[in-house]
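J.: Quick check, what structure comes out for this input:
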Amino acid sequence: QNNNTSKATPSPPAQSPTRSLTPPDLILINGFLVFFMQVGFVSIEAGYGRSKNVRNILLKNMVDILLCGLCWWAIGYAFAHGDSAAGGFIGLSGFFSESISELDPWFFTFTFALATVTIVSGCLAERTNLVVYPIYTILMSIWVHPVAVHWAWSPTSWLQGVSDCKFLDFAGGTVVHVVGGAMGLVGATLCGPRIGRFEDGEPKALPGHDITSVSIGTLFLWFGWFGFNCGSLYMQPGAASINTGMAVDRVALNMVLSAAAAGLSALVVTSRSTGTVDLIVCTNGILCGLVAATPTCGYMAPWACLITGLLAGVAYLGCSRLLLKLQIDDPLDSTAVHLSSGMLGTLMNGALARPQYVEELMGSRCGGFVYSGQGGMLLGMQLLGVTVILAWTVAWSVACFMALRHLGRLAGTP
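T.: Residues are numbered from 1 along each chain as shown. Model (predicted):
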């Protein structure tokens, strides 16, 4: 007789439910990468500096981080991402983190403000009074950068209400790089050059002490920049309704193409004109390509970002040489890297932004004039946005640095 005496199969242990990463999770993770860019900034600035100035360079970069964090928590975030007031001029909610939007998370936006502040410090390196750094950091963190952010990225700002074609700045080509580069240019101009930088009207090299630090810092920045731009995808108005996996991969691809094209174009043009191959030109060219990709990489096809990168490398060389002719001492070439490339990339959206991508991310069908009959309107919006944000930044920068110079606190001991 066959008896069914087999034991019952035990049920498998209960498994904890799996949880996929949400957009806020991904934004936070990318924010960590953007914060890591500070390592790159410090490495580059310390490498460009002479060994006697390295301690002060490290100190003021640390202080910038501390002050920017406090200022962004207390006031900056609210002015940038709070509910619009005064006709869309400024945000006025979220002071002291009382109300933070899930789509505009505090930490990620703080890292953008911090990057803007750090760009300025490179233009002022090696001859500026230490008191200058906390003063401009506070001004940038609570007023200049937040207002520019509100104009460019708040859907209810006055700038975004001008036309059905929206101002396009994907990840901060204008509100980070143009703003930081413009304030740095004003500061460098009013502070004057380092002793020995120009003799009889001709520029003289003041080489930094560690080219290895500059090269490593460039790679650190490139790594962190993926967080800068890829994280920004999840903050676009239309991000919830698209395949973000494909879109974020396109963003990363466009960054690589733009950086590669800019680095090579700068290197080739320089080598043909001087007969030498310059590592510094290569590293700065890479950074130019990344800056130019920042306002564009979500809205352009890969071929368009490649063209933008090629132009950015050439524009960097032209801007750098112009500064030397004007005897403006920018030790890191931060103005040529950030201001010129940020403006170029933002304006190139008016020519090469693909209408499909703009509609997916911004809800507006306007594209560059290569694609669309409305390209002229978009180019006009890009010109308007760059012009008003540049004018806003320059006006407050002149007021800040002129006051410091009048008080005898701008230039430090060489």
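
J.: And the strands in this structure?
T.: In the chain, the strands defined using DSSP state E lie at 84-85, 90-91, 198-199, 202-203.

J.: Parallel or antiparallel, list what pairs with the first one.
T.: Strand 84-85 sits in its sheet next to strand 90-91 (antiparallel), going by DSSP bridges.

J.: would JSON lines of the strands of the chain with mean neighbour count be doable?
T.: Yep, even glycine has a C-beta here, placed from its N, CA and C like the rest. Output for the strands of the chain, formatted as JSON lines (neighbours: other Cβ atoms under 10 Å):
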{"stretch": "strand 84-85", "mean neighbour count": "16"}
{"stretch": "strand 90-91", "mean neighbour count": "24"}
{"stretch": "strand 198-199", "mean neighbour count": "12"}
{"stretch": "strand 202-203", "mean neighbour count": "12"}
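
J.: Let me see the contact set for L404.
T.: Residues in contact with L404 (Cβ atoms under 8 Å, 6 or more residues apart in numbering) are N129, V131, V132, I135, L410.

J.: Out of the strands of the chain, flag the one nearest F401.
T.: Among the strands of the chain, the nearest to F401 by Cβ to Cβ is strand 198-199 (19.8 Å).

J.: what sits up against that closest one?
T.: Residues contacting strand 198-199 (Cβ under 8 Å, 6+ apart): K204, Q327, D329.

J.: thinking again about what came up before, out of the contacts of L404, which end up buried?
T.: N129, V132, I135, L410 (16 or more other Cβ atoms under 10 Å).

J.: Just name the closest of those to F95, please.
T.: Distances from F95 to these, taken by Cβ to Cβ, are shortest for I135, at 21.6 Å.

J.: who's in contact with the closest residue to T393 other than its chain neighbours?
T.: Among residues not flanking T393 along the chain, A182 sits closest, at 4.4 Å (Cβ to Cβ, 6 or more residues apart in numbering). Applying Cβ under 8 Å, 6+ apart to A182 gives the contacts L339, L390, T393, V394, S397.

J.: Relative to F79, which of those residues is nearest.
T.: T393 (14.6 Å).

J.: hang on, isn't the closest one packed against A148?
T.: Yes - T393 is within contact range of A148, at 6.9 Å (criterion: Cβ atoms under 8 Å).

J.: Overlap of the contact sets of the two?
T.: By Cβ under 8 Å, 6+ apart, the residues touching both T393 and A148 are V179.

J.: Show me where the stretch 201-350 of the chain has its helices.
T.: Counting by DSSP state H, counting those that start in this stretch, the stretch 201-350 of the chain has these helices, from start to end: 211-233, 244-274, 279-293, 302-325, 334, 340-352.

J.: tell me what the third one is packed against?
T.: Counting by 3 or more Cβ pairs under 8 Å, 6 or more residues apart in numbering; DSSP states H and E, the packing neighbours recorded for helix 279-293 are helix 211-233, helix 244-274, helix 302-325, helix 340-352.

J.: Now do that helix against helix 244-274, angle only.
T.: 140 degrees (axes from the mean of the first three to the mean of the last three Cα atoms, to 10 degrees).

J.: Now do helix 279-293: distance to the chain's middle.
T.: Distance of helix 279-293 from the chain centroid (Cα atoms, centre = their mean, to the nearest Å) equals 13 Å.

J.: Kindly export it (C-alpha atoms) in CSV.
T.: Extracted C-alpha coordinates of helix 279-293, given in CSV (Å, rounded to 0.1, in the frame of the first residue of the first chain):
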residue,chain,number,x,y,z
LEU,A,279,48.8,70.2,-21.7
ILE,A,280,47.1,73.2,-20.0
VAL,A,281,45.3,74.1,-23.3
CYS,A,282,44.1,70.5,-23.5
THR,A,283,42.7,70.4,-19.9
ASN,A,284,41.1,73.8,-20.3
GLY,A,285,39.6,72.8,-23.7
ILE,A,286,38.0,69.7,-22.0
LEU,A,287,36.5,72.0,-19.4
CYS,A,288,35.2,74.3,-22.1
GLY,A,289,33.4,71.5,-23.8
LEU,A,290,31.8,70.4,-20.5
VAL,A,291,30.7,74.0,-19.9
ALA,A,292,29.3,74.3,-23.4
ALA,A,293,27.4,71.0,-22.9
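
J.: what mean pLDDT would you report for that helix?
T.: Averaged across helix 279-293, pLDDT comes to 97.

J.: Contact partners for the nearest residue to M377 once chain neighbours are set aside?
T.: With Cβ to Cβ, 6+ apart as the criterion, M377 has its nearest non-adjacent residue at 4.6 Å, and that residue is C165. Going by Cβ under 8 Å, 6+ apart, C165 touches S364, C366, Q374, M377, L378, G380, M381.

J.: any idea how far the closest residue to A240 other than its chain neighbours is from D104?
T.: In space, and not counting its chain neighbours, A240 is closest to P23: 7.4 Å by Cβ to Cβ, 6+ apart. Counting by Cβ to Cβ, to the nearest Å, the gap from P23 to D104 is 12 Å.

J.: which stretches of the chain aren't confidently modelled?
T.: 1-18, 101-103, 413-414 (pLDDT under 70).

J.: hmm, back to that, and the helices of the stretch 201-350 of the chain as JSON lines, adding mean neighbour count?
T.: Below are the helices of the stretch 201-350 of the chain laid out as JSON lines (neighbours: other Cβ under 10 Å):
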{"stretch": "helix 211-233", "mean neighbour count": "21"}
{"stretch": "helix 244-274", "mean neighbour count": "19"}
{"stretch": "helix 279-293", "mean neighbour count": "28"}
{"stretch": "helix 302-325", "mean neighbour count": "21"}
{"stretch": "helix 334", "mean neighbour count": "29"}
{"stretch": "helix 340-352", "mean neighbour count": "26"}
